[in-house]
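Novice: return atomic coordinates for the entry below.
(one chain, ligands or ions: 1)
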Amino acid sequence: MARIDTLFTNAKLADGSLKDIGVAAGRVVSIENAGATAGAARQVDIAGALLVPGFVEGHIHLDTSFYGDTWIPHKPCTNGFDVHERVAFQAENMATAAPMEERARKQLELCIANGSLHMRSHVMVDGSVGLASLETILKIREEYRGIIDIQLVAFPQSGILKSPGTRELLDEAIGMGADLVGGLDPASFDRDLNGHLDVVFGVADNRGVGVDIHLHDFGSLGAFTVEEICARTVALGMQGKVAISHAYGLGDLDADAARRIGAKIAAAGVSIMTNAPGDHAFPPVALLRAEGVTVFAGSDNIRDSWWPYGDGDMLGRAMMIGYRSGFYTDEELSAAFDVVTAASAKALGVEDYGIAVGAKADFVTLAAEHVPEAVVAVPKGRRVFKGGRLVAENGHVIR
Ligand SMILES: [Zn+2]
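Specialist: Predicted structure coming up:
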């Protein structure tokens, strides 16, 4: 057995067993029954708390949150939800907000303190802000390296065809260090589904990176767009590298139609991200999982121009997903937990994830009897370990 740097003792695992977990060089090297491992110089007593892998925040916006800034009251759209109008409101609000790095740091620390150790953040890259937001968030990513792993999506919030120069900016963003190419409602925002997807998939294919597209379109337009994204994913051999965020249209289909499209999404290896939004249909999580689709989750907006909610807690998000999906049994509650942990890790391509020998020692402690109880109770008072090092305790990041 490898030499153990730190022994985490009396950790309750999801199967109810009490284990000692040996960690060396940031990875799990042993999992033995409690009391069976001797000789580690440094021990951390988990004291019977539930030990789970670090949460995966699969969709957030580090650049546009006002968390930690003064409260900015929400302004409703004048005639029903309208993405164009919301983008305009956002631009007005951003002009008077606190500096982006301050807001991003506060939001990031909120997420880490709640136990998120992997994250995918969309960052605006378009004709309105150019590459300035990305430059700032890239700096913040460096600052928090070793505490949280962050993927960045170059996100054309103002559209691609409607915002001149965005194609070149998206390409440049990947060159600067963004990890994926984003998109936004290809049909309803740019009003040119193929033109928009040509750019998104063109840049991604050329650069050899993945895609994560915001798709708010409802009903058949949303479902049609999902099918088009799946077809392009297969045509380019990008299975496993493409995600659709929100995909509200999938929530508008009857069960048979949803199963048919679910099978196509699974075959294309496209992941679906949901935050279980409050006031409208969202993808049928259990049905899609049964079809083999990787469904993952994120906070999305936290106290920004789009809505005032959000607390950066992926365990709370699991509760929300379960609550809105009508999940009651232990199996269903565990599925909601899987969405914010293993399934999200798979969608993001996080390697060596989970509590297993060889995995990264990224843990969160929860004062809960087991996973189903944790999902409904959302206990606080967590300890968060990255690579075996304590990085947050009781809601505060330790740097
Ligand atoms: Zn978003």
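
Novice: which stretches in the stretch 151-300 of the chain count as strands?
Specialist: Using DSSP state E, counting those that start in this stretch, the strands of the stretch 151-300 of the chain run over 180-184, 210-215, 242-246, 270-274, 295-297.

Novice: now distance to Y353, mean neighbour count and mean pLDDT too, for the ones you listed, in JSON lines please.
Specialist: C-beta: built from backbone N, CA, C; applies to glycine. Listed next are the strands of the stretch 151-300 of the chain as JSON lines, based on distance: least, C-beta to C-beta, whole Å; neighbours: other C-beta atoms under 10 Å; pLDDT from 0 to 100:
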{"stretch": "strand 180-184", "distance to Y353": "18", "mean neighbour count": "27", "mean pLDDT": "98"}
{"stretch": "strand 210-215", "distance to Y353": "17", "mean neighbour count": "26", "mean pLDDT": "98"}
{"stretch": "strand 242-246", "distance to Y353": "17", "mean neighbour count": "26", "mean pLDDT": "98"}
{"stretch": "strand 270-274", "distance to Y353": "15", "mean neighbour count": "28", "mean pLDDT": "98"}
{"stretch": "strand 295-297", "distance to Y353": "12", "mean neighbour count": "27", "mean pLDDT": "98"}
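
Novice: tell me which of these sits nearest to L390.
Specialist: Proximity to L390 (C-beta to C-beta) singles out strand 295-297 among those, at 25.4 Å.

Novice: packing partners of the closest one?
Specialist: On a contact count with 3 or more C-beta pairs under 8 Å, 6 or more residues apart in numbering; DSSP states H and E, strand 295-297 meets strand 55-60, strand 270-274, helix 285-290, helix 314-325, helix 330-340, helix 342-348.

Novice: number of nearby residues for A286?
Specialist: Using other C-beta atoms under 10 Å, A286 has 15 other residues around it.

Novice: leaving out the residues flanking it, which one is nearest to it?
Specialist: Nearest residue to A286 in three dimensions, chain neighbours excluded: S325, at 6.3 Å (C-beta to C-beta, 6 or more residues apart in numbering).

Novice: coming back round to it: using JSON lines, lay out the helices and strands packed on strand 295-297 together with distance to L161.
Specialist: Compiled in JSON lines, the helices and strands packed on strand 295-297 are given as follows (distance: least, C-beta to C-beta, whole Å):
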{"stretch": "strand 55-60", "distance to L161": "24"}
{"stretch": "strand 270-274", "distance to L161": "23"}
{"stretch": "helix 285-290", "distance to L161": "30"}
{"stretch": "helix 314-325", "distance to L161": "33"}
{"stretch": "helix 330-340", "distance to L161": "33"}
{"stretch": "helix 342-348", "distance to L161": "28"}
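
Novice: which of the ones you listed sits closest to N394?
Specialist: Of the helices and strands packed on strand 295-297, nearest to N394 by C-beta to C-beta is helix 314-325, at 15.0 Å.

Novice: buried residues in stretch 129-146, which are they?
Specialist: By neighbour count on 16 or more other C-beta atoms under 10 Å, the buried set for stretch 129-146 is V129, G130, L131, S133, L134, T136, I137, L138, I140, R141, Y144.

Novice: the third one contacts M124, correct?
Specialist: No. Under the criterion of C-beta atoms under 8 Å, L131 is not in contact with M124, lying 9.6 Å apart.

Novice: now the terminal residues of stretch 344-356, how far apart.
Specialist: 17 Å (C-alpha to C-alpha, to the nearest Å).

Novice: show me the contact partners of it.
Specialist: 13-14, 21, 27-28, 31, 51-53, 55-58, 118, 120, 149, 151, 210, 240-241, 243, 271, 273, 294, 296-298, 314, 342, 358-360, 362-363 (C-beta atoms under 8 Å, 6 or more residues apart in numbering).

Novice: filter those residues down to the buried ones, ChimeraX style.
Specialist: In ChimeraX, this line selects whichever of the contacts of stretch 344-356 come out buried by 16+ other C-beta under 10 Å:
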select :13,14,21,27,28,31,51,52,53,55,56,57,58,118,120,149,151,210,240,241,243,271,273,294,296,297,298,314,342,359,360,362,363
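
Novice: okay, now V203: neighbour count?
Specialist: 23.

Novice: residues in contact with the spatially most central residue of the chain?
Specialist: Among the residues of the chain, G58 comes closest to the average C-alpha position under C-alpha atoms, centre = their mean, at 0.8 Å. G58 makes contact with M119, R120, M273, F296, A297, G298, S344, A347, L348 under the criterion C-beta under 8 Å, 6+ apart.

Novice: considering the residues you listed, which is situated nearest to D185?
Specialist: Taking C-beta to C-beta as the measure, D185 lies nearest M273 of the contacts of G58, at 14.7 Å.

Novice: tell me what the closest one is bridged to.
Specialist: Assessed by DSSP bridges, M273 has beta-bridge partners S245, F296.

Novice: I'd say it and A297 touch.
Specialist: Yes. Using C-beta under 8 Å, M273 makes contact with A297 at a distance of 6.5 Å.

Novice: and the strands in the stretch 1-150 of the chain, which stretches?
Specialist: Using DSSP E, counting those that start in this stretch, strands in the stretch 1-150 of the chain cover 6-12, 18-24, 27-33, 42-45, 50-53, 55-60, 116-124, 149-155.
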